[in-house]
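1. Turn this into a model:
(3 chains)
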Amino acid sequence: MSDEIENKEESLFQAPPMAEQERMIEAVLFASAEPTTLRELEARMPHGCDVAEAMVHLRRRYAGRGVQVMKIGDAYALRTAADLGYLMQKETVEVRKLSRAAIETLAIIAYHQPVTRAEIEEVRGVSVSRGTVDQLLELEWIRFGRRKMTPGRPVTFVVTEGFLDHFGLENARDLPGLKELRAAGLLENRPLSGAFPPPGDTEEEPEATEGQSELFED
Amino acid sequence: MSDEIENKEESLFQAPPMAEQERMIEAVLFASAEPTTLRELEARMPHGCDVAEAMVHLRRRYAGRGVQVMKIGDAYALRTAADLGYLMQKETVEVRKLSRAAIETLAIIAYHQPVTRAEIEEVRGVSVSRGTVDQLLELEWIRFGRRKMTPGRPVTFVVTEGFLDHFGLENARDLPGLKELRAAGLLENRPLSGAFPPPGDTEEEPEATEGQSELFED
Amino acid sequence: MAENPVDDDKTSVADRLATEALIIDVEGFEGPLDLLLTLGRTQKVDLRKISVLHLARQYLAFVEHAKALRLELAADYLVMAAWLAFLKSRLLLPPDPSEEGPSGEELAAHLAFQLERLAAMRDVAARLMARDRLGRDFFARGDIQMVERVRKVTYTATLLDLMQGYARTRTRDEFRPFVMDREKVFTMEQALERMRAMIGFAGDWGDLTSYLPEGWESDPVKRRSATASTFAASLELVKEGRLEIRQSEIFAPIQLRRKD
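-> All right, here's what the predicted structure looks like:
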């Protein structure tokens, strides 16, 4: 599209009043079960809208209501207020019970992310079974993150937006107790040569990196 | 004496304030998959609530908003305002899973890029249909890369920014390798059938040779 | 109970139950670090001020006890026991200045750190799971009914699909028997195909070895494979009634002739 046409369009379709913009994002958020990013909202709204400002108004309007505007990462979603959960027994979905290993692994990923498999094992002192990671991946609570810039360039795990949504977190920084853990130095990675070695099951490690580097050599 | 007890009981089970009742029906209507009747609402709410009155308040509150309380027969439901339907057009887009062939082709391109069609076929063991490649091009998940400096100078395929965006990757190099997939439980750890299949085990052969001949067809 | 050995017959039910309880206990721990954490908790102090020496003794006693009961202990537990025994000696002996690596104190501090970290992760994991959760405490829109019915098909796939797809193609590769690792294998199908083309010309008795494909005669591995498959293919053709086969005595050359 040439500049000229775009300019014309802008003047032809002036952005709707703020109250109307607020209605619009309200409708869009309402219609989708998944969190919607500001970018997605913008793409859907008429040209020239200030979605961020409309969101401020909308959040204010829903403050204290039975339905809330929740921020999840860069995205927003309407969710019922947590204190009314007891009214919704009919809607409650049975979440698959996670094993203790899966819960701990999830917590380690959330608090230490991005974290490699070897680091998870270091913290837990046992090897991570495949089923555990698999289960968390399938729930879409974790995903692969970028590779570590350490020898072998191991893949890392990070938590997803779905994780934040499920636990009602705006941000991974809002994880309970994160600040205290960090202040106590418990999130630092301090390997100590000669210390008790992490559990076995490491025979795959070197090979894995080999295969990978081969893949990307050129 | 008995009067006192009765009074006490009444105060114990006093209905929540009207503002709270309004919040409650708001949350229930929002979370319900179907329109909800006043009777159903009543059954879910604490004793002594006046659901009809709360509904009047709620309807008033939503008057003119992007979301409306609609009466459908005897039941109530929250719906987006009819005049904003055009904003939701994108929501009705039918989302389909990519075919297995397309996913595999896409995966091979992502892992081996830049890769030629013949190379994709070699990895997959079957020929790649034109439709599959076209579909991936149309989705803007792959694009043509530079030509290979091999006889025939075949074109190559690479993945796009759009691909990285869709799959939440920063870099195609962050994709986990085969060993890492196995470690995460995404790959069955089936034992490698020996290079020498037992004599009775030849029924797989024809299929395999078929793939092979296809490989060399063009 | 390990102090007065008794006959198997006389072992009391209580003893056996105790033994079993311990097995269950060992299995109830998720590895040595978990066991150490539990032992450490009995000291009832801040994990940072824990007596690693005392902890090491407790752990070693536990392992000794398990051994006395002839329990199978996972290798992990024994590695930890060895390491703790080493740590104990380092803590008890005066530091040797010529020795390389971290001191006993540093090792002990690190172990305390590991235990504290594990305990902290357990704690936050519990807090995380106790949060209000989607689908249990708060809810998404229940009815995602759309107003407009404009249909446009778009395609999607998740990263998991992608990776599983890749895994699928790669494992298929591992199972495809002839691509890489079978260059020295002459399959029966190959032999059969070759023989079918050749037997038309085999009017008189000819040695089996003369039917071996070119380039497969010298390398012993290839020769063996080609001979076996050619022989198997010959038998197949005999069965089909297209070939005759004979051998004058054991280990004598095998001869073939077209059957008309």
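
2. Mind checking if stretch C:118-136 is in reach of chain B?
-> No. Stretch C:118-136 stays clear of chain B (Cβ under 8 Å from any Cβ of the partner chain), getting no nearer than 9.9 Å. (Glycine included, C-beta is placed from N, CA and C.)

3. So for that stretch, what gets flagged as buried?
-> C:L118, C:A120, C:M121, C:R122, C:V124, C:A125, C:L128, C:R131, C:R133, C:L134, C:G135, C:R136 (16 or more other Cβ atoms under 10 Å in any protein chain shown).

4. By mean pLDDT, point me to the weakest helix or strand of chain C.
-> Lowest by mean pLDDT, DSSP states H and E among the helices and strands of chain C is helix C:13-28, with a mean of 57.

5. coming back round to it: nearest to chain B, of the buried residues of stretch C:118-136?
-> The nearest member of those to chain B, counting by Cβ to the nearest Cβ, is C:G135 at 9.9 Å.

6. so the closest one touches A:Q89, yeah?
-> No. At 11.8 Å, C:G135 does not count as touching A:Q89 under the criterion of Cβ atoms under 8 Å.

7. can you give me the strands for chain A?
-> A:36-37, A:67-72, A:75-80, A:115-116, A:142-144, A:156-159 (DSSP state E).

8. by contact count, what packs against the fourth one?
-> If I follow you right, that is strand A:115-116. strand A:156-159 (3 or more Cβ pairs under 8 Å, 6 or more residues apart in numbering or on different chains; DSSP states H and E).

9. Let me know the next secondary structure element after the least confident helix or strand of chain C.
-> Downstream of helix C:13-28, the first helix or strand assigned by DSSP states H and E is helix C:32-41.

10. how far does whatever helix or strand comes next after that next one sit from the chain's center?
-> Where DSSP H and E defines the elements, the next helix or strand beyond helix C:32-41 is helix C:52-68. On the basis of Cα atoms, centre = their mean, to the nearest Å, helix C:52-68 sits 30 Å off its chain's mean C-alpha point.

11. what about helix C:52-68, average pLDDT?
-> Per-residue pLDDT over helix C:52-68 has a mean of 85.

12. Quick check: buried residues in that helix?
-> C:V52, C:L55, C:A56, C:Q58, C:Y59, C:L60, C:F62, C:V63, C:A66.

13. nearest residue to the fourth one other than its sequence neighbours?
-> Counting by Cβ to Cβ, 6 or more residues apart in numbering or on different chains, the nearest residue to C:Q58 once its immediate chain neighbours are dropped is C:L39, at 4.7 Å.

14. for the last one, same thing?
-> Leaving out its chain neighbours, the residue that sits closest to C:A66 by Cβ to Cβ, 6+ apart is C:L73, at 5.6 Å.

15. go on, the second one?
-> Spatial nearest neighbour of C:L55, chain neighbours left out: C:G40 (5.5 Å); criterion: Cβ to Cβ, 6+ apart.

16. number of nearby residues for the one you found?
-> 24 (other Cβ atoms under 10 Å in any protein chain shown).

17. hey, where'd the strands end up in chain C?
-> Under DSSP E, chain C gives strands at C:153-156, C:206-207, C:243-247, C:254-258.

18. in its sheet, what does the last one sit against?
-> Looking at strand C:254-258 with DSSP bridges, its partner strands are strand C:206-207 (antiparallel), strand C:243-247 (antiparallel).

19. Lowest average confidence across those strands, which one?
-> What stands lowest among the strands paired with strand C:254-258, in mean pLDDT terms, is strand C:206-207, with a mean of 83.

20. How many residues are close by residue 166?
-> With no chain named, the answer covers chain A. 22.

21. actually chain C
-> Neighbours of C:Y166 under the rule other Cβ under 10 Å: 26.

22. residue in chain A nearest to chain C?
-> A:G125 (2.6 Å).

23. rewinding a little: for the residue nearest to C:L55, what are its contacts?
-> The neighbourhood of C:G40, defined by Cβ atoms under 8 Å, 6 or more residues apart in numbering or on different chains, consists of C:L47, C:I50, C:L55, C:L115.

24. Distance-wise, check it relative to chain A.
-> Per Cβ to the nearest Cβ, to the nearest Å, C:G40 is found 13 Å from chain A.

25. Now the residue nearest to the spatial centre of chain A: closest residue in space, sequence neighbours ignored.
-> Most central residue of chain A, judged by C-alpha distance to the mean C-alpha position with Cα atoms, centre = their mean, is A:E161 at 2.5 Å. Spatial nearest neighbour of A:E161, chain neighbours left out: A:G73 (4.8 Å); criterion: Cβ to Cβ, 6+ apart.

26. Can you tell me how far the one you found is from chain B?
-> 11 Å.

27. That residue and A:T36 touch, don't they?
-> No. Using Cβ under 8 Å, A:G73 is not in contact with A:T36; the gap is 11.2 Å.

28. Count residues in the vicinity of C:Q164, would you?
-> 18.

29. pLDDT score assigned to it?
-> pLDDT, C:Q164: 76.

30. A:V128 against A:E121, yeah?
-> Yes. Contact status for A:V128 versus A:E121: in contact at 5.6 Å, counting by Cβ under 8 Å.

31. The two: who's more crowded?
-> Using other Cβ under 10 Å, the more surrounded residue of A:V128 and A:E121 is A:V128, with 23 against 20.

32. how much space between that one and A:D134?
-> Plainly put, A:V128 is 10 Å away from A:D134 if you go by Cβ to Cβ, to the nearest Å.

33. How about the contacts made by A:A77?
-> Residues counted as contacts of A:A77 (Cβ under 8 Å, 6+ apart) are A:L29, A:S32, A:A33, A:E34, A:P35, A:T36, A:V69, A:M70, A:D165, C:A140.
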